[in-house]
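Novice: Predicted model, plus sequence, below.
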Amino acid sequence: MKVASVLLPLPVPEAFDYEVPEGLDLVRGDQVAVPLGPRLVRGVVSEVRETTGSNRRLKPIEGRLDDPSLPERTLDFLEWAARWTLSPPGEMAAAALKGLRAPPSRPERRVRRVPNRDPARATPARTAVLDALGERAMRAADLARAAAVSTGVVKGLVDEGVLEIVETAALAVFDAPDPAHAPAMLNPDQAAAADALASTRGFAPFLLDGVTGSGKTEAYLEAAARILTADPTAQILILLPEIALTQALIARIADRFGAAPAEWHSAVAPPQRRRVWEAVRAGRCNIVVGARSALFLPFVNLRLLVVDEEHDGAFKQEEGLVYHGRDLAVARARIEGAAVVLASATPSLETLANAQAGRYGWLKLRARHGAAVLPDIALIDLRQSPPDRETWLSPPLRAAVAETLARGEQTLLFLNRRGYAPVVLCRVCGHRLTAPDTDSWLVEHRYTGRLVCHLTGFSMPRPKTCPNCGAEDSLVSVGPGVERVEEEVRQLFPDARTAVFSSDTVPDAKSARALIQAMIDGEIDILVATQAAAKGHNFPRLTLVGVVDADLGLRGGDLRAAERTFQLLTQATGRAGRADRPGRALLQTWTPEHPVLTALAAGDRDAFAETESAEREMGSLPPYGRLAALILSSENAQAVEKVAADLAAAIPNAERLEVYGPADAPLALVRGRRRKRLLVRADRDVDLQGFLRAWLARVKVPASVRLTVDVDPYSFL
């Protein structure tokens, strides 16, 4: 008998075995319907093997589904990713099948030529229709447009039997990119980078390391053009950390290639995602721009994979299926035998270490593209020039904004904090308002008049009395958010056109496009923004960036706090002076002597990276060591405590590896669930995944407790 192992898109630890019925030929990657309890579910065949029998009766596969199979290399990638992240392979399969959640498109009615039938009367209009149609099948309306005739001419040929109507599967049409459409003028550094990327054969990882505004996009698009010239069937995947960045890149690709790429992220409607999925699988889609989930698309000829802004923490998915898009992108390229480009002005220390060790090719763009130059960066010592009471902009920053306005140029005031105030507390009893069943503080939003938990999404109207002591009118807003800074700006510069750019004010791609275009068109004088505006955007009239609180990201004990702050502030200040007007950046700080800020002011990224890397190396921390976190959560606090104790008692003996905890997570209560954490640190050459598998096999976790394994964690909440 034949047995097929089938991956079910469910959080189950392994593939399920089913009997293959007589006469059903299956291969690895086929999609099948299989019984699971009382229902039929979709699955993917991961293996088919001959066997002489089984010690248990296997259920038979119901049948093969009409949906396309997953390519062999896609399945290899899913299985590797499951092993690397210690995730159930079925969850990886679910990510790969996500594009098929919408039903197939209805068949289209098209017309085609009936063999050996000619019209009784060959008019010029009828001849034009037949010439335009050729051997294809087309929709009647499209055919009429192509032949420049009315639809009545087409209908007449159908009625005469010269054309026949057929129903065909509706296939998404993505125009083929033209590599010669509008090539960019590259400087020597860009040309060298494009040459290196396009000339590779097989798997080749690269760091594309260029200062902000150096033209990294033009370099990798030129490489894509050369790859497509050599192989018109090649497929290119470009990953971006934020949905808001996709539209600008899609426009640039359309300008460069004369055809828009496919778009893939959570804001794309399910029917369109299905069309993209099917087109990628059929090889009818050459370029895809998308979020990290695009890694799971069924590419058939992936030749170039780009991770733009590779340092960005948004590539780490921390809910549900936990993985880092950058790391999985490198693995996908290796399995596909493709080139992979990690592009950034502020590379992660992990990527820098790989480039320095020679594991990645290192392509450097040393200067801004064209006439633009990097902005001058200066620190404002708030101990010497403090803002007025209950305000947030210092006198030097106010003066700089006024000067910029007088020149008719634009200002970006950067504060990576949404809302009006991050904390609301009672001045009588000191109570800080938090979300119910969560340790997270409530953030005040003046636009909506509500207090919002950015962790859980809970919101409520601002109360008139303290919920703890009942005192009336005792609640005060503490600290600034972007709304509070905007309020101050409007008071200081009432004639300036001011706007706020955050996920609250631009909640979708359409509104983000509108605000970005207004900024480009010069319809905004002062933009108050979070990190939503700090990366990837090009505002030609923007010459001043003011960082309201440069110390914000440096607080707390996060492993990557300094690195993340340096990257974010470099990206934010890099928005200034990207065209022909010189730019400058002013950073307000209470600690101007901090190494991150002194390196920023000096424009010395390498010095910062060396210092930060040395500290990490001393502690054998990433990239010189490895981390993994186990997070336990449950509504039953006692159950969490017991599982945590069981795990602590079952730690296997291992060298060059330590386990810390269990301890309460910094956010110990989220949505009513108590949380405990254990952290594993291992030397770089230790088999961390093998250790975790052996450890977890010793402990049975009850259904009431959720265990999340996070290999290489980025968040320590």
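Specialist: Structure received.
Novice: C-alpha from now on. contacts and neighbour counts both.
Specialist: OK.
Novice: for the nearest residue to G210 once chain neighbours are set aside, what are its contacts?
Specialist: Leaving aside its sequence neighbours, G210 sits nearest to L365 (Cα to Cα, 6 or more residues apart in numbering; 4.3 Å). Counting by Cα atoms under 8 Å, 6 or more residues apart in numbering, L365 makes contact with D189, Q190, L208, D209, G210, V211, S214, G215, K216.
Novice: same check, this time on L412
Specialist: Contacts for L412 (Cα under 8 Å, 6+ apart) come out as I526, L527, V528, A529, L542, L544, V545, G546.
Novice: what's the closest of those to A96?
Specialist: A529 (34.9 Å; Cα to Cα).
Novice: quick one: the closest one and T411 touch, right?
Specialist: No. If you go by Cα atoms under 8 Å, A529 and T411 don't touch, sitting 10.5 Å apart.
Novice: what distance separates stretch 673-693 from the middle of the whole chain?
Specialist: 25 Å (Cα atoms, centre = their mean, to the nearest Å).
Novice: got the contact list for that stretch?
Specialist: 83-86, 437, 620-621, 623-637, 640-641, 644, 652, 654, 656-665, 667-669.
Novice: again, only using 6 Å
Specialist: 625-635, 637, 656-665, 668 (Cα atoms under 6 Å, 6 or more residues apart in numbering).
Novice: Quick check: helices, which of those residues are part of them?
Specialist: Among the contacts of stretch 673-693, the members found in helices (DSSP state H) are A637.
Novice: Can you lay out the contacts of L365 as a markdown table showing pLDDT, distance to Q247 and neighbour count?
Specialist: What follows is the contacts of L365, written out as a markdown table (pLDDT from 0 to 100; distance: Cα to Cα, whole Å; neighbours: other Cα atoms under 10 Å):
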| residue | pLDDT | distance to Q247 | neighbour count |
| --- | --- | --- | --- |
| D189 | 94 | 26 | 20 |
| Q190 | 94 | 23 | 27 |
| L208 | 97 | 22 | 33 |
| D209 | 94 | 23 | 23 |
| G210 | 91 | 22 | 22 |
| V211 | 85 | 22 | 22 |
| S214 | 86 | 20 | 25 |
| G215 | 90 | 18 | 19 |
| K216 | 94 | 17 | 27 |
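Novice: Those in strands, which ones?
Specialist: L208, D209, G210 (DSSP state E).
Novice: List the residues that contact the second one.
Specialist: Going back to what we said before, that points to D209. Contacts of D209 (Cα under 6 Å, 6+ apart): S344, A345, L363, K364.
Novice: hmm, 7 Å instead?
Specialist: A343, S344, A345, L363, K364, L365 (Cα atoms under 7 Å, 6 or more residues apart in numbering).
Novice: tell me which residues form a beta bridge with it?
Specialist: S344, K364 (DSSP bridges).
Novice: what about it, distance to R578?
Specialist: 17 Å (Cα to Cα, to the nearest Å).
Novice: got it, and the first one?
Specialist: L208 sits 19 Å away from R578, taking Cα to Cα as the criterion.
Novice: what do you get for the last one?
Specialist: Taking Cα to Cα as the measure, G210 falls 14 Å from R578.
Novice: The closest residue in space to V443 that isn't next to it in sequence: neighbour count?
Specialist: Nearest non-adjacent residue to V443, counting by Cα to Cα, 6+ apart: P422, 4.6 Å away. When neighbours are counted by other Cα atoms under 10 Å, P422 registers 20.
Novice: What score does P422 have for pLDDT?
Specialist: With respect to pLDDT, P422 scores 91.
Novice: So it is in contact with S440, correct?
Specialist: No. Counting by Cα atoms under 7 Å, P422 stays clear of S440, with 10.5 Å between them.
Novice: same question for the helix or strand E278 falls within, mean pLDDT?
Specialist: Assigned by DSSP states H and E, E278 belongs to helix 270-282. Helix 270-282 carries an average pLDDT of 93.
Novice: Tell me which stretches of the stretch 501-650 of the chain form helices.
Specialist: 509-520, 561-573, 595-602, 605-618, 637-649 (DSSP state H, counting those that start in this stretch).
Novice: helices or strands next to the fourth one in the packing?
Specialist: Pointing back at helix 605-618 there. With contacts taken as 3 or more Cα pairs under 7 Å, 6 or more residues apart in numbering; DSSP states H and E, helix 605-618 sits against helix 595-602.
Novice: Helix or strand with the lowest mean pLDDT in the protein?
Specialist: helix 509-520 (a mean of 86; mean pLDDT, DSSP states H and E).
Novice: Name the residues of that one that come out as buried.
Specialist: A509, A512, R513, L515, I516, M519, I520 (16 or more other Cα atoms under 10 Å).
Novice: now, which of those residues sits nearest L451?
Specialist: A512 (23.5 Å).
Novice: Look up how far I631 lies from that closest one.
Specialist: Taking Cα to Cα, one finds A512 at 35 Å from I631.
Novice: Next: G202.
Specialist: 38 Å.
Novice: more neighbours, the two?
Specialist: Set G202 next to I631 and count neighbours by other Cα under 10 Å: I631 wins out with 22 against 14.
Novice: May I have the beta-bridge partners of the more buried one?
Specialist: R677, T708.
Novice: Which residues are in contact with it?
Specialist: R675, K676, R677, L678, L707, T708, V709.
Novice: pretty sure the last one is touching L627, no?
Specialist: I take that to be V709. No. Contact criterion Cα under 7 Å: V709 and L627 do not qualify, at 11.0 Å.
Novice: Looking at these two, which one has more neighbours?
Specialist: L627 (23 against 20).
Novice: from what I can see Y360 touches P205, true?
Specialist: Yes. With contact defined as Cα under 7 Å, Y360 and P205 form a contacting pair (5.1 Å).
Novice: any low-confidence regions in the stretch 201-350 of the chain?
Specialist: Low-confidence regions of the stretch 201-350 of the chain, defined here as pLDDT under 70, do not occur.
Novice: what about R490, distance to T498?
Specialist: Taken as Cα to Cα, the span from R490 to T498 is 7 Å.
Novice: between those two, which one's more packed in?
Specialist: T498 (19 against 15).
Novice: Run through the residues that contact the residue nearest to K59 when sequence neighbours are not counted.
Specialist: Excluding the flanking residues, the one nearest K59 by Cα to Cα, 6+ apart is Y18, at 5.4 Å. Contacts of Y18 were listed using Cα under 7 Å, 6+ apart, and they are V3, A4, S5, L58, K59, P60, I61.
Novice: at 6 Å instead, please
Specialist: So Y18 contacts V3, A4, L58, K59, P60, I61 (Cα under 6 Å, 6+ apart).
Novice: repeat for S440
Specialist: By Cα under 6 Å, 6+ apart, the contact set of S440 is T434.
Novice: give me that answer again for 8 Å
Specialist: S440 neighbours (Cα under 8 Å, 6+ apart): T434, C453, L455, L667, V670.
Novice: among those residues, which are in strands?
Specialist: L667, V670.
Novice: Taking the contacts of S440, please make a ChimeraX selection of just the buried ones.
Specialist: Of the contacts of S440, the buried ones can be selected in ChimeraX as follows, counting by 16+ other Cα under 10 Å:
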select :434,453,670
